[in-house]
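Trainee: what would the 3D arrangement of this be:
(2 chains)
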Protein chains: 2
Amino acid sequence: MTLPQRVRLVEMAPRDGLQNEPGEVVATDIKIELIERLARAGLTHIEATSFVSPKWVPQMGDAREVMAGLQRAPNVTYSALTPNLKGLENALEARVSQVAVFAAASEAFSKKNINCSIDESLARFEPMMARAFDAKVRVRGYVSCVLGCPYEGEITPRQVARVAKALYEMGCFEVSLGDTIGVGTPLAARRMIDEVARVVPVEHLAAHFHDTYGMAIANLFAVLEQGVAVIDASTGGLGGCPYAKGASGNVAMEDVLYLLEGLGIETGVDLAAVVETGEWISGKLGRESASRVARAMSAR
Amino acid sequence: MTLPQRVRLVEMAPRDGLQNEPGEVVATDIKIELIERLARAGLTHIEATSFVSPKWVPQMGDAREVMAGLQRAPNVTYSALTPNLKGLENALEARVSQVAVFAAASEAFSKKNINCSIDESLARFEPMMARAFDAKVRVRGYVSCVLGCPYEGEITPRQVARVAKALYEMGCFEVSLGDTIGVGTPLAARRMIDEVARVVPVEHLAAHFHDTYGMAIANLFAVLEQGVAVIDASTGGLGGCPYAKGASGNVAMEDVLYLLEGLGIETGVDLAAVVETGEWISGKLGRESASRVARAMSAR
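Mentor: Numbering: from 1, shown residues only, chains lettered A, B, ... in the order given. Below is the predicted model:
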């Protein structure tokens, strides 16, 4: 087991972070400033928004305006989540650089969250893949509940591998494996990656871990040793208040950067600039940052 | 690298936790109830107090009363920190089951924290070891700043090994290695353990990691894989408010238990009972628990 020399970080705060934000809809210009600050800090892949019905996710109702208002940096990928063909068309029209589709490893979660079975969700992606291929836009695949489901409990590595394989084989260039409820521990994470890496090459896998139970950094260290070299994280730990029920608790980008720097792994990202951005957006949302590194560095 | 089958947990909340508590001195009966609850939860080693001058540490001014008031469980070790011979005599008089001495791996920290050089502190322990040996009381040794010092910055594994070896050779049955400012990352922790384990057998080492930068659980996972099988932790993450300067930020016992359960490692401790105790003492101190596991479990 050897650590990768370099890790690519995928920033989740503007989409996975803000979409769970309760209360008032965050102003479009704040979203745009957040994305631009993150790009200036060195993040080269930012999931900027979601082209989803505003009836479902009011926070993402300004997806078009966010993409239009953004001053784009030349070397940065601005991706968007697209749950269906209509969302994909809107995303393409808004000139996103990449799109993402979303399936679950848990049958119960799929039914409750996206109102169809896993196989139905995969079938729905087929025409989307074709359309994205035509438009020369790459598609990232997410699998949720890879280390546990709020309804089913345990999820086997085999269940995860099946969905990951399907997404990869239909053309997703990368499959991001989400511990949606943050219940995983390091050996469970390793067993899951072991199984998935048999059907999807490890260089096409990303770890998307939530920190709800404080395990995300340990789980990331465990899978880095397996060669996983793409990590999703959210500046300020945005993505649900850790005090509330149903907290999503994305792992904080600051904490991931601190880990990677300590391990001697390159990222090209400026930790101090990310801390500053995390403190700024946390202030705008009227809350304390969920990042321990941000708190510790701000207290110094 | 194989994980231990069983880990012994050493509870820090009543001593290392409360000694840093700002504001009012916590009432003796609350301290006693805390210790008794922790023992009922299955913790077999509880550092109960510190026999130190109340001028230095007002929170520990009732060490004698705590030990006298305690209803002791037969299988539980109640230890106390003893900085000098006078403290040791008082601790023995109070019938503690074990004592602990405290040195630093950093020369600057030693001077600022205990007002003498590392060698002077070690020399001071010699008559204490003899006295404890006479009284048939075992002595635990702490080394602080093992992964970094607030004054010197980097601390080499060799510096840590030198102090750990000295404590072990003068008769400490166990040496607890403290990342006092919580700056360590997993490979640094492993390099440190590698070096120390050359001079002190790994079964006589304990990991005492702080979570100031959110790395403690990852660091513990890393050293568990090296065979470290004794872990210090503090219920509720007691030991300095994470928001304040100089936060000590002991890793939360709840988070450690969750990690160990996930890894299939036995502890004999009841996580639910510890969570309940952590919520109770956090309430008494008028603050939110610093344990993510406690927050997540309480929100369910």
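Trainee: give me the residues contacting stretch A:192-209.
Mentor: With CB atoms under 8 Å, 6 or more residues apart in numbering or on different chains as the test, stretch A:192-209 has contacts from A:10, A:12, A:140, A:142, A:146-147, A:157-158, A:160-161, A:164-165, A:168, A:173-179, A:182, A:184, A:189, A:215-216, A:219-220, A:223, A:226-232, A:251. Placement of C-beta: from N, CA and C, glycine included.
Trainee: one more time with 6 Å, if that's ok
Mentor: With contacts defined as CB atoms under 6 Å, 6 or more residues apart in numbering or on different chains, stretch A:192-209 is touched by A:146, A:157, A:160-161, A:164-165, A:168, A:174-176, A:178-179, A:216, A:219-220, A:223, A:226-228, A:230-232, A:251.
Trainee: number of nearby residues for A:Ala103?
Mentor: A:Ala103 has 27 neighbours, counted by other CB atoms under 10 Å in any protein chain shown.
Trainee: brain fart, A:Leu3
Mentor: 18.
Trainee: and what of the one 4 residues further on?
Mentor: Counted with other CB under 10 Å, the burial measure for A:Val7 works out to 24 neighbours.
Trainee: can you list the residues of chain A near chain B?
Mentor: Within chain A, the residues that sit near chain B (CB under 6 Å from any CB of the partner chain) are A:185-187, A:212-214, A:217-218, A:221, A:242, A:245, A:255, A:258-259, A:262-263, A:292-293, A:295-296, A:299.
Trainee: go ahead and build a ChimeraX selection from the buried members of the residues you listed.
Mentor: The ChimeraX command for the buried members of these (criterion: 16 or more other CB atoms under 10 Å in any protein chain shown) is given here:
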select /A:185,186,187,212,213,214,217,218,221,242,255,258,259,262,263,292,293,295,296
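Trainee: taking the stretch 51-200 of chain A, what residue is nearest to chain B?
Mentor: Using CB to the nearest CB, the closest approach of the stretch 51-200 of chain A to chain B is made by A:Thr185 at 2.6 Å.
Trainee: I'd assumed B:Gly262 was in contact with that residue.
Mentor: Yes - using CB atoms under 6 Å, A:Thr185 makes contact with B:Gly262 at a distance of 2.6 Å.
Trainee: now tell me what touches stretch A:257-271 from outside.
Mentor: With contact meaning CB under 6 Å, 6+ apart, stretch A:257-271 is reached by A:3, A:6-7, A:9, A:41-43, A:217, A:293, B:185, B:187, B:213.
Trainee: end to end on it, go ahead and measure it.
Mentor: In stretch A:257-271, first residue to last residue: 6 Å (CA to CA, to the nearest Å).
Trainee: list the buried ones in stretch A:85-98?
Mentor: For stretch A:85-98, burial by neighbour count (16+ other CB under 10 Å) applies to A:87-88, A:90-92, A:94, A:96-98.
Trainee: actually, stretch A:26-46.
Mentor: Using 16+ other CB under 10 Å as the test for burial, stretch A:26-46 gives A:26, A:28, A:31-39, A:41-46.
Trainee: of the residues you listed, which belong to strands?
Mentor: Counting by DSSP state E, these place A:45-46 in strands.
Trainee: in helices, which of the buried residues of stretch A:26-46 appear?
Mentor: Judged by DSSP state H, helices contain the following of the buried residues of stretch A:26-46: A:28, A:31-39.
Trainee: looking at those, which is nearest A:Thr77?
Mentor: A:Ala39 (10.0 Å; CB to CB).
Trainee: ok, now how distant is the closest one from chain B?
Mentor: Going from A:Ala39 to chain B by CB to the nearest CB, to the nearest Å gives 25 Å.
Trainee: likewise for A:Ala13?
Mentor: Applying CB to the nearest CB, the value for A:Ala13 to chain B is 17 Å.
Trainee: how many neighbours does that residue have?
Mentor: A:Ala13: 28 neighbours (other CB under 10 Å).
Trainee: ditto for A:Ile265
Mentor: A:Ile265: 18 neighbours (other CB under 10 Å).
Trainee: which two of the buried residues of stretch A:85-98 lie the greatest distance from each other?
Mentor: A:Gly87 and A:Ser97 (15.7 Å).
Trainee: wait, A:Leu177 sits on A:Leu147?
Mentor: No - if you go by CB under 6 Å, A:Leu177 and A:Leu147 don't touch, sitting 8.5 Å apart.
Trainee: shared neighbours of the two, which are they?
Mentor: When CB under 6 Å, 6+ apart defines a contact, no residue borders A:Leu177 and A:Leu147 alike.
Trainee: which of the two has more residues huddled nearby?
Mentor: Using other CB under 10 Å, the more surrounded residue of A:Leu177 and A:Leu147 is A:Leu177, with 30 against 27.
Trainee: any idea what the more buried one is bridged to?
Mentor: A:Val143, A:Ala207 (DSSP bridges).
Trainee: let me see the contact set for A:Pro186.
Mentor: A:218-219, A:222, B:221.
Trainee: buried subset of the contacts of stretch A:192-209?
Mentor: With neighbours counted by 16+ other CB under 10 Å, the contacts of stretch A:192-209 contain buried members at A:146, A:157, A:160-161, A:164, A:168, A:174-176, A:178-179, A:216, A:219-220, A:223, A:226-228, A:230-232, A:251.
Trainee: looking at the residues you listed, which are in helices?
Mentor: Using DSSP H, the buried ones among the contacts of stretch A:192-209 in helices are A:157, A:160-161, A:164, A:168, A:216, A:219-220, A:223.
Trainee: now for the residues you listed, which pair is the farthest apart?
Mentor: Largest separation among those by CB to CB: A:Tyr168 and A:Ala216, giving 23.8 Å.
Trainee: and the gap between the nearest residue to A:Pro157 once chain neighbours are set aside and A:Val163?
Mentor: Excluding the flanking residues, the one nearest A:Pro157 by CB to CB, 6 or more residues apart in numbering or on different chains is A:Glu195, at 3.4 Å. Going from A:Glu195 to A:Val163 by CB to CB, to the nearest Å gives 12 Å.
Trainee: where along the stretch 1-150 of chain A do the helices fall?
Mentor: A:28-40, A:63-69, A:85-93, A:107-114, A:118-134 (DSSP state H, counting those that start in this stretch).
Trainee: save those helices as TSV, and put in mean pLDDT too.
Mentor: As requested, the helices of the stretch 1-150 of chain A are exported to TSV (pLDDT from 0 to 100):
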stretch	mean pLDDT
helix A:28-40	97
helix A:63-69	96
helix A:85-93	97
helix A:107-114	92
helix A:118-134	97
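Trainee: next up, the contacts around A:Ile155.
Mentor: Contacts for A:Ile155 (CB under 6 Å, 6+ apart) come out as A:105-106, A:145, A:148-149.
Trainee: how about residues contacting stretch A:82-95?
Mentor: With CB under 6 Å, 6+ apart, stretch A:82-95 has contacts from A:51-52, A:64, A:67, A:80, A:99, A:127-128, A:131, A:135.
Trainee: number of nearby residues for the closest residue to A:Cys116 other than its chain neighbours?
Mentor: Leaving out its chain neighbours, the residue that sits closest to A:Cys116 by CB to CB, 6+ apart is A:Ser110, at 6.6 Å. If you count neighbours by other CB under 10 Å, A:Ser110 ends up with 25.
Trainee: show the contacting residues for A:Ser110.
Mentor: By CB under 6 Å, 6+ apart, the contact set of A:Ser110 is A:104, A:118, A:121.
Trainee: 8 Å instead?
Mentor: By CB under 8 Å, 6+ apart, the neighbours of A:Ser110 are A:103-104, A:116-118, A:121.
Trainee: I appreciate the help and will end here.
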